[in-house]
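In: Here's my sequence, what's the structure:
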Amino acid sequence: MVRQTSIQAYDGLRRSRKLCKQQKQVYDYLLAFPGSSDKEISRGTGLPINSVTGRRNELLKLGLVRGEKIKVCQYTGRKVYAWRSINWL
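Out: Residues are numbered from 1 along each chain as shown. Here you go, the predicted model:
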């Protein structure tokens, strides 16, 4: 279950379009390296994979990131989504 305060915080971010530090790191990485997988973002930013996927999902819900294609990850060798930032900042 999601706490009401989390919902309010998320809604505030969505309306203000201000990003937290980790969201900005993921967003900026994808601007610089479009078509990156979650693992590639994790390696490139130094953020743990669970932080990357959480922040990327938040950015996806905000409409700031989109899935570009399916590709083979250079680190895992698995088929994964490649992500791209939508430039709005």
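In: Please give me every residue in contact with residue 48.
Out: Residue 48 sits next to residue 42 when contact means C-beta atoms under 8 Å, 6 or more residues apart in numbering. C-betas here are computed from N, CA, C, even on glycine.
In: Likewise for the one 3 residues further on?
Out: Residues touching residue 51, when contacts are defined by C-beta under 8 Å, 6+ apart, comprise 22, 42.
In: please redo it, this time with the cut-off set to 10 Å
Out: Contacts here follow C-beta atoms under 10 Å, 6 or more residues apart in numbering; on that basis residue 51 touches 22, 23, 25, 26, 41, 42, 45.
In: got it, and residue 76?
Out: Counted by C-beta under 10 Å, 6+ apart, residue 76 has contacts 37, 38, 39, 40.
In: Low-confidence bits of the protein, can you list those?
Out: Flagging of the chain using pLDDT under 70 yields the residue ranges 1-3, 5-17, 88-89.
In: hmm, back to that, now go through the contacts of residue 76 and say which are in helices.
Out: Applying DSSP state H to those, the entries found in helices are 38, 39, 40.
In: now, which of these sits nearest residue 77?
Out: Nearest to residue 77 out of the ones in helices among the contacts of residue 76 is residue 39 (C-beta to C-beta; 10.3 Å).
In: re earlier: put together JSON lines for the contacts of residue 51, with secondary structure on each row.
Out: JSON lines is the format used below for the contacts of residue 51 (DSSP: H, G, I helix; E, B strand; the rest coil):
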{"residue": "22", "secondary structure": "helix"}
{"residue": "23", "secondary structure": "helix"}
{"residue": "25", "secondary structure": "helix"}
{"residue": "26", "secondary structure": "helix"}
{"residue": "41", "secondary structure": "helix"}
{"residue": "42", "secondary structure": "helix"}
{"residue": "45", "secondary structure": "helix"}
